[in-house]
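Q: Using only what follows, build the 3D model:
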Amino acid sequence: MLFKASLDSLAKGMSIAILILFLGIGASIVYNLDSTNPTEIALWAAFLIESIFLGIYLF
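A: Now for the predicted structure:
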């Protein structure tokens, strides 16, 4: 069976807020990277974390 239901305004608002939160976390990780510090996570790791956030959001 296929049920079609639209989201109410609260669910839409929460979805947008979570998306903004995930994008903000990813942007802050990338913005605060220090290329002179060898113990800092690499840029690819930051993008990996952001892609995991995106996967969680899309799932």
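Q: where's the residue most central in space within the chain, which helix or strand?
A: Nearest to the mean C-alpha position of the chain, by CA atoms, centre = their mean, lies residue 22 at 2.9 Å. Residue 22 is part of helix 9-31, with elements assigned from DSSP states H and E.
Q: by contact count, what packs against that helix?
A: Packing partners of helix 9-31 (3 or more CB pairs under 8 Å, 6 or more residues apart in numbering; DSSP states H and E): helix 43-58. C-betas here are computed from N, CA, C, even on glycine.
Q: What are the contacting residues of the helix it packs on?
A: By CB atoms under 8 Å, 6 or more residues apart in numbering, the surrounding residues in contact with helix 43-58 are 18-19, 22-23, 25-26, 29-30, 33.
Q: same thing but 6 Å
A: 19, 22, 26, 29-30 (CB atoms under 6 Å, 6 or more residues apart in numbering).
Q: pLDDT below threshold where in the protein?
A: 1, 34-35, 37-41 (pLDDT under 70).
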